[in-house]
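Trainee: Quick check, what structure comes out for this input:
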Amino acid sequence: MKYIFFVDFDGTITVKDTCDMLIEGNNNPKLQQINDLWERKQISTPECSRLLFKEMNLARDAIKVLVKDVEVDPYFATFLGLCKANDFSVTVLSDGYDMIIKGVLEKKKLEMPFYSNTLNYIDEFLAEFPYFNNRCGRCGTCKTELLKRLSHPGIKRVYIGDGMSDFCPASHCELVFAKGKLKDYCIKNDISFKPYDTFRDIIAWLQREECR
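Mentor: Here you go, the predicted structure:
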């Protein structure tokens, strides 16, 4: 069986959500209020992003400082190596920011394609959303449209995630590994899934599949 893996970044590849880390590192009480609005689906990712970066007023080197503190799932590199050995494609789909993702992947010497929102610094941090779906208007990066575009006939799609931006794409894949809010969503909406805690669980599943 051939597989193509679509993997969330924040809270899935990383141990903690990097956007949450930015908020936690700032004492502005408005930040959590803005994030709560997003979690209640009262504002979109682009709206949330613009409000957050305006309130945080980050220094130019803030992302570099953050990247140093980001921890990656200790089994992810092994998972990626196993996929490459079996010629399984692994693509990151993220509603986070390219500057953070690129920094973390380079730090850990991990190579794979990723799709995300973009972040630039011109006197202040400005986010852009090249994969925004106007028909929906919820996430900055429409993971569902991307996975449909990147899928291939006859190759089983596997989604790995943990959060709200994973709800929609998970429902369009043949196999889902879920934890956190995605796990709760799958249970509530009767979506078949395999629970996992770390990529060690997914490695074990892959190794069992190899033995078939």
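
Trainee: I'd say G154 and K2 touch.
Mentor: Yes - here G154 reaches K2: they are 7.0 Å apart, a contact under Cβ atoms under 8 Å. C-beta: built from backbone N, CA, C; applies to glycine.

Trainee: more crowded one of those two?
Mentor: Taking other Cβ atoms under 10 Å, G154 and K2 do not tie; K2 has more neighbours (11 against 7).

Trainee: The more buried one: what's its closest spatial neighbour, skipping adjacent residues?
Mentor: Distances taken as Cβ to Cβ, 6 or more residues apart in numbering place I155 nearest to K2, at 4.6 Å, with adjacent residues excluded.

Trainee: Look up phi and psi at the one you found.
Mentor: Backbone geometry at I155, expressed as degrees, to the nearest 10, gives phi -110, psi 120.

Trainee: ok, it to I43 distance?
Mentor: 36 Å (Cβ to Cβ, to the nearest Å).

Trainee: Which one of those two is surrounded by more residues?
Mentor: Neighbour totals were compared for I155 and I43, and I43 leads with 18 against 14 (other Cβ under 10 Å).

Trainee: residues touching that one, list them.
Mentor: 34, 37, 51 (Cβ atoms under 8 Å, 6 or more residues apart in numbering).

Trainee: now the helices for this structure?
Mentor: 18-24, 30-39, 45-56, 62-69, 76-85, 98-107, 143-150, 167-170, 180-188, 199-210 (DSSP state H).

Trainee: now what about the second one, what contacts it?
Mentor: Think helix 30-39. Contacts for helix 30-39 (Cβ under 8 Å, 6+ apart): 19-20, 23, 43-45, 47-48, 51-52, 55-56, 164.

Trainee: What subset of these is buried?
Mentor: 19, 23, 43-45, 48, 51-52, 55-56, 164 (16 or more other Cβ atoms under 10 Å).

Trainee: looking at the helices of the chain, which is buried most?
Mentor: Compared across those, helix 167-170 shows the largest average neighbour count, a mean of 23 (mean count of other Cβ atoms under 10 Å).

Trainee: got the CA coordinates for it in PDB?
Mentor: Output in PDB follows, covering the C-alpha atoms of helix 167-170 (Å, rounded to 0.1, in the frame of the first residue of the first chain):
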ATOM      1  CA  PHE A 167     -11.000  19.400  11.400                       C
ATOM      2  CA  CYS A 168     -11.800  19.900   7.800                       C
ATOM      3  CA  PRO A 169      -8.900  18.200   6.100                       C
ATOM      4  CA  ALA A 170      -9.200  15.200   8.400                       C
END
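
Trainee: Summarise which helices and strands it is packed against.
Mentor: Counting contacts by 3 or more Cβ pairs under 8 Å, 6 or more residues apart in numbering; DSSP states H and E, helix 167-170 packs against helix 143-150, strand 156-161, helix 180-188.

Trainee: nearest to R60, of the ones you listed?
Mentor: Nearest to R60, of all the helices and strands packed on helix 167-170, is helix 143-150, at 29.4 Å by Cβ to Cβ.

Trainee: thought E128 was touching T118?
Mentor: Yes - counting by Cβ under 8 Å, T118 is a contact partner of E128 at 4.7 Å.

Trainee: distance of S192 from K156?
Mentor: In terms of Cβ to Cβ, S192 sits 13 Å off from K156.

Trainee: And the two? Which one has more around it.
Mentor: K156 (14 against 10).
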